[in-house]
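Engineer: Got a predicted structure here, sequence first:
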Amino acid sequence: MTTIVQKLIVEVVDARNLSPRDGHGTSSPYMMADYYGQRKRTKTAVRDLNPTWNEVLEFNAGKPSEVFQDVLEINVFHDKIHGPTRRSNFLGMLRLSSSQFVKKGEEALIYFPLDKKRFFNFGIQGDIGLKIYFADEIIPPPPPPEPEAKAEPTPPPEAPAEPATESNPPEATAEPATESKPPEDASKEPEKIDAQPEPPPEQLAPVPETKKDGRELPVDQPEADHKEGGSIPSPPPPPPPPPMAMHAMQVEAELDMMAASVCKNSMPEVKFTGGINGPRPIRRPFSGDLQFGISSVASMECSSFDLVEKMHYLFVRVVKARSLPTNIGNPIVKIAVSNNHVRSKPARKTIFFEWDQTFAFPRESPEYSSSSILEVSVWDPSDMGHEQNFLGGICFDTTEILLRDPPDSPLAPQWYRLEGGGAHHGDLMLATWIGTQADESFHEAWKSDTNARAKVYQSPKLWYLRVTVLEAQDILPITTSLKEYTFQLKAQLGFQTLKTKPSVTKNGTAFWNEDMVFVAAEPFTEHLEFTLEIRQPKGPNPLGNAVVPLSAVERRVDDRKVASRWFSLENNNIDDKIMKRKSFTNNRARVHLRLCFDGGYHVMDEAAHVASDFRPTARQLWKPPVGTVELGIIGCRNLVPVKTSVPDGRGCTDAYCVAKYGPKWVRTRTVSDSQDPKWNEQYTFQVFDPCTVLTIGVFDSFESCEMDGWKDATRPDFRIGKVRVRISTLAAGRVYRNVYPLLLLSPAGMKKMGEVEIAMRFVRVRPTMDLLHVYSQPLLPLMHHIKPLGVVQQDALRNATVKIVTEHLSRSEPPLRREAVLYMLDADSHTFSMRKVRVNYFRIINVIGNVMDIFNWVDKTRTWKNPTATVLVHALMVMLVWFPDLIIPTLAFYVFVIGVWNYRFRSRDRLPHFDPKLSFVETVDGEELDEEFDALPSVRPPNAVRARYDKLRMLGAKVQTVLGDVATQGERIQALVTWRDPRATAIFVGLCFIVAMILYLVPSKLGMMAFGFYYFRHPIFRDRNSPSPALNFFRRLPSLSDRII
């Protein structure tokens, strides 16, 4: 049998800037790697502080530990053989967790900084470049052993009898008697061997025996028994195993050794043997119309779904049937309980008739229930409705159906005899129990109150593909006249198309040196296509193209330069006969490119202020999570009907909920025709950064309309509303259970669509200091700061990312529709809106208002409106002037007091949510909303567009005035020393000279105190209605506004 062994591959590339250790300014480094007790080292790079190894080290990975993280330890030492030294030969170490390792194909060269092993390891510096990944090695099965030839027994040689010596053990004389035991004793020997515990791997090696005289016996040859009349020959040694078998045995021994060092919890296995463990069927005449009540024998214990309410379901799992008539087709199973009547899918015909289908029927609390009957019947669907096609059925009293706790093992299905109909001897295998939504069968079970199952989705792994276009050579033939031509290179990846700037050349070589960035999703099945175009008056014409598969592009996680490559341009796709006639094409044309996947960036699919994840693409750069957030989606209340039911014309809603955090999406099941749907589903998300946002949206599904054949079945799912919760506002370990209004903004205005009830809990898994340390780290990965992307480029890349994510999730089953993904990602929230302009303006005013409050307080203090405060300010001013070291501590203490004072008035309401008052949705004009939801380009009538343009011109005039006032104040400050007004500049320069001379002669503390007393002087010593002379002087300064035409 072929064995697959997982290997950990460590490619040791090079190191740089290592510490000198040999006393001559160099070192002779080598690297030692340790993984699960397996140690391997590289060769020694003699006298090289920037060594290059390019070696590959392999380790047996084994099974990961469930308790402790697997750690790869790397140490770099100086080889004393090539440079003896009295100093420590330690050059640095590195410890990496297996959670940072990736699979083969995703690896990238990463330079890790070397760390100290101990506190007193001084002078540790340098980086080491590694590629670490997991790979699977296939070990072929060992060849079958060759049949051994039966050797004929040879008579023992005649020898004179020798007396027994003292060196012979006494057991040797009893050996023939042992061999002559009857066979019945031999049958008991295996049981005795099986009862013994298996020795550890260390004890498997044979230990040489020792005689009494001190001599050692060989391991493979036991001591000979010297007997009178001859000796018993020892059996021949077994043949050595083949090399492949030796390798497999070695690998197995290493894995056993690794498994022994890993603590692993084991689950007891529950086996059912004999009898019926489930409910007993009851004998009664089978009927097609039964009433279903609610029953139970005990209450359900608390499950892991502790944030939501328990919803009890009756589970029926139909597995297979046997001994049915052979002249039937594919039978079906009908289940009747209460008002629910369901059919299974047709059975698969093998040795049995197989269904393997689970059904779940909702129930209320089982403590208060009445008796009811569960009917399970088998029918032949070839001619439904006739009594002779009834193949048998079973009835269960629901009072005897057991409750199953989620920690228990799954209930084993049992064979039940079918009664009635034409299959008196048929048997049906099924299992039935009462459980909750925490049951592992719940998500895959068919539910009578839903149309779609709950589903967890994963966003595709996205990369930024950076293309650096350097140059193109041999574009024009040698015979071409020296005329200037303009060339462009177009790059296309799927729907993304980018072009370089035009390059003018005469000699057939075009230079660009431009970067183009695309978004690519794994798996890389697309190709990157380059087209060289020549610009002509009639338009661009292609000269050649090159196709590059994405699987051949190198990956990087930092800003190092990757190797550039030349690509030949093919002219197979040129259809322009004129271009061919003019001989612009050249088979030797080639383009110089540098391609790489940038794994150090985070591919943004959300706006930065509502992002749920900031991790880079490369898994090697991920940091451990700081906690988990548990989300319990309980249900909605008072939802507004959004569509009309076809049969009776009443309003209905088929609601489902979508939650998004990081790359994980969850969708609850769809509750059919309910204005108060209950989901009670709980999900868990890993938190890597607390300054992120969790988004929950509620939608109305039209999938049921598609199944029922409605005319408007192709309509998109309707938006009902959404909720955003910032993780940093959650206290660790506290459960938040709140009801949020669902607000929907449409061209008709804001409308409350209902309420949603959710429960949340943040669980911290890292120490508190690690959680606080996150606040000091950059929000985005380091590559966003080393090589930042432009604002316009980020918007284009985000739009491409949203489109890729939308297409990926829409191909899932069940699909997550495009309109739901766009609404969750806020893809259409960056359009122009007069309402948002006004909102942002008042936000700025509120921020400036706090600063204006400080100025107003100072003005009230200096005008003695509160004499007590003014006297205290004078005392504080004197203290700070004479003791300036107290200024910063006093300010810090003042901010501390303000923060503690405001803690008393903190908000004690539910978590922050959308604020209609802040958003101006209650007082917004209908025309502004219509403009906000208008498409681009506009589809409104010309008169409406003209009116909006005039309104925009009025707003632009106000902005123009404000910008002019700001520029005027800045120009007046410049006019103080630029002599635009000679008199004003002379006055200002003269005053500056006088102040400088006074401060040279008078101590600075005395001058500051005099200025303070003058500024806070009593109103009787100042003019009450006249501005200060300094302000009057500043307002008279000239600006450039009078020079504008």
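Structural biologist: Now that the structure is in, tell me what you want to look at. Numbering: from 1, shown residues only.

Engineer: CA only for contacts and neighbour counts going forward, please
Structural biologist: OK.

Engineer: Helices along the stretch 501-650 of the chain, start to end?
Structural biologist: 577-581 (DSSP state H, counting those that start in this stretch).

Engineer: Show me what Ser503 is bridged to.
Structural biologist: On the basis of DSSP bridges, Ser503 is bridged to Phe487.

Engineer: these two touch, right, it and Glu514?
Structural biologist: No. Counting by C-alpha atoms under 8 Å, Ser503 sits too far from Glu514 to count as a contact (11.3 Å).

Engineer: tally of neighbours for Ala412?
Structural biologist: Using other C-alpha atoms under 10 Å, Ala412 has 16 other residues around it.

Engineer: residues touching the residue nearest to it when sequence neighbours are not counted, list them.
Structural biologist: For Ala412, ignoring the flanking residues on the chain, the nearest one in space by C-alpha to C-alpha, 6 or more residues apart in numbering is Ala431 at 6.6 Å. Neighbouring residues of Ala431 by C-alpha atoms under 8 Å, 6 or more residues apart in numbering: 278, 316-318, 411-414.

Engineer: out of Ser503 and Glu514, which sits in the busier spot?
Structural biologist: Ranked by neighbour count (other C-alpha under 10 Å), Ser503 and Glu514 place Ser503 first, with 18 against 14.

Engineer: Identify, from the contacts of Ala431, the entry nearest to Ile758.
Structural biologist: Relative to Ile758, the closest of the contacts of Ala431 is Val316; by C-alpha to C-alpha it sits at 29.7 Å.

Engineer: hang on, the earlier thing: just flag the most distant two among the contacts of Ala431.
Structural biologist: Longest span within the contacts of Ala431, C-alpha to C-alpha: Gly278 and Val318, 13.3 Å.

Engineer: more crowded one of the two?
Structural biologist: Higher neighbour count among Gly278 and Val318: Val318, with 23 against 18, using other C-alpha under 10 Å.

Engineer: Give me the phi and psi for Arg838.
Structural biologist: phi -70, psi -40 (degrees, to the nearest 10).

Engineer: could you measure Thr801 against Asn507, distance?
Structural biologist: Separation of Thr801 from Asn507 (C-alpha to C-alpha, to the nearest Å): 40 Å.

Engineer: if we can go back for a sec, let me have the contacts of Ala431 in JSON lines, adding distance to Glu309 and secondary structure as columns.
Structural biologist: Converted to JSON lines, the contacts of Ala431 look like this (distance: C-alpha to C-alpha, whole Å; DSSP: H, G, I helix; E, B strand; the rest coil):
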{"residue": "Gly278", "distance to Glu309": "27", "secondary structure": "coil"}
{"residue": "Val316", "distance to Glu309": "22", "secondary structure": "strand"}
{"residue": "Arg317", "distance to Glu309": "24", "secondary structure": "strand"}
{"residue": "Val318", "distance to Glu309": "28", "secondary structure": "strand"}
{"residue": "Leu411", "distance to Glu309": "23", "secondary structure": "coil"}
{"residue": "Ala412", "distance to Glu309": "27", "secondary structure": "coil"}
{"residue": "Pro413", "distance to Glu309": "28", "secondary structure": "coil"}
{"residue": "Gln414", "distance to Glu309": "31", "secondary structure": "strand"}
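
Engineer: on that earlier part again, comparing Thr801 and Asn507, which residue is more hemmed in?
Structural biologist: Thr801 (24 against 18).

Engineer: What sits closest to the more buried one if chain neighbours are left out?
Structural biologist: Asp605 (5.7 Å).

Engineer: what about the one you found, neighbour count?
Structural biologist: 25.

Engineer: what's around Val658, how many residues?
Structural biologist: Around Val658 there are 23 residues (other C-alpha under 10 Å).

Engineer: Contacts only, for it.
Structural biologist: So Val658 contacts 665-668, 696-699 (C-alpha under 8 Å, 6+ apart).

Engineer: Same check on Val547?
Structural biologist: For Val547, the contact set (C-alpha under 8 Å, 6+ apart) comprises 527-530.

Engineer: pLDDT of the helix or strand the residue nearest to Ala412 falls within, averaged?
Structural biologist: Following DSSP states H and E, one finds Ala431 within strand 427-435. Averaging pLDDT along strand 427-435 gives 88.

Engineer: In that strand, which residues are buried?
Structural biologist: For strand 427-435, burial by neighbour count (16 or more other C-alpha atoms under 10 Å) applies to 427-435.

Engineer: How far off centre is that strand?
Structural biologist: Remark: strand 427-435 is offset 38 Å from the chain centroid, using C-alpha atoms, centre = their mean, to the nearest Å.

Engineer: Following the chain onward from it, which element is next?
Structural biologist: With secondary structure assigned by DSSP H and E, strand 427-435 is succeeded by strand 446-447.

Engineer: List the strands paired with that following strand, with their directions.
Structural biologist: strand 353-363 (parallel).

Engineer: what about the stretch 901-1045 of the chain, any weak spots by pLDDT?
Structural biologist: Scanning the stretch 901-1045 of the chain with the threshold set as pLDDT under 70 gives 909-910, 1024-1025.

Engineer: The stretch 251-400 of the chain now?
Structural biologist: In the stretch 251-400 of the chain (pLDDT under 70), the answer is 251-304, 364-371, 383-388.
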